[in-house]
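*Asks:* coordinates only, sequence not included:
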């Protein structure tokens, strides 16, 4: 189930169009402190049949591509532990890159992604 961490919602930022409150539901900008420095800035939406979180790590005023650990942290904040969420690598002809330091997590509403059997991935502990 998709959810938002209200305590991190941007309600009074410098760009009024990006501010929101709980009445916006699962849509808005969320600023999440990163335990090892900086913050994870997330734009979140649940329209057009998709749940979506875009993530960038900002540290010392520099945009950085999020790490695997940061992506996992965001996944766990916005979705349940057993929800399958993906990062797409589309055909090159469909690339859209408005911000080079941003990665995206997606989940189609009302359907489940098929995943490969775990034995094809590695040895399950």
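*Replies:* All right, it came through fine. In this text, all values refer to a predicted model and were calculated from it rather than measured experimentally.

*Asks:* contacts and neighbour counts: CA atoms only from here.
*Replies:* OK.

*Asks:* show me where the chain has strands.
*Replies:* Under the criterion DSSP state E, strands of the chain are mapped to 28-33, 39-45, 50-59, 62-64, 103-108.

*Asks:* what angle separates the first one from strand 50-59?
*Replies:* Spelled out, that is strand 28-33. Orientation of strand 28-33 against strand 50-59 (axes from the mean of the first three to the mean of the last three C-alpha atoms, to 10 degrees) gives an angle of 40 degrees.

*Asks:* which residues does the helix or strand bottoming out on mean pLDDT in the chain contact?
*Replies:* Among the secondary structure pieces of the chain, namely its helices and strands, helix 118-121 has the lowest mean (mean pLDDT, DSSP states H and E), a mean of 91. Identification of contacts with helix 118-121 by C-alpha atoms under 8 Å, 6 or more residues apart in numbering yields residue 124.

*Asks:* quick check: buried residues in that helix?
*Replies:* Judged by neighbour count (16 or more other C-alpha atoms under 10 Å), helix 118-121 contains no buried residues.

*Asks:* coming back round to it: quick one: closest of the strands of the chain to residue 8.
*Replies:* Between residue 8 and the strands of the chain, the shortest separation by C-alpha to C-alpha is 5.1 Å, and it involves strand 28-33.

*Asks:* what packs against the closest one?
*Replies:* Helices and strands touching strand 28-33, by 3 or more C-alpha pairs under 8 Å, 6 or more residues apart in numbering; DSSP states H and E, are strand 39-45.

*Asks:* next one: the strand it packs on to chain centre, how far?
*Replies:* Relative to the chain's own centre, strand 39-45 is displaced by 6 Å; criterion: C-alpha atoms, centre = their mean, to the nearest Å.

*Asks:* quickly note the distance from residue 94 to residue 69.
*Replies:* 27 Å (C-alpha to C-alpha, to the nearest Å).

*Asks:* quick one, longest helix in this structure?
*Replies:* For the chain, the helix that runs over the most residues, judged by DSSP state H, is helix 68-78.

*Asks:* so which of the strands of the chain is nearest residue 123?
*Replies:* Taking C-alpha to C-alpha as the measure, the strands of the chain were each checked against residue 123, and strand 103-108 came out nearest at 25.3 Å.
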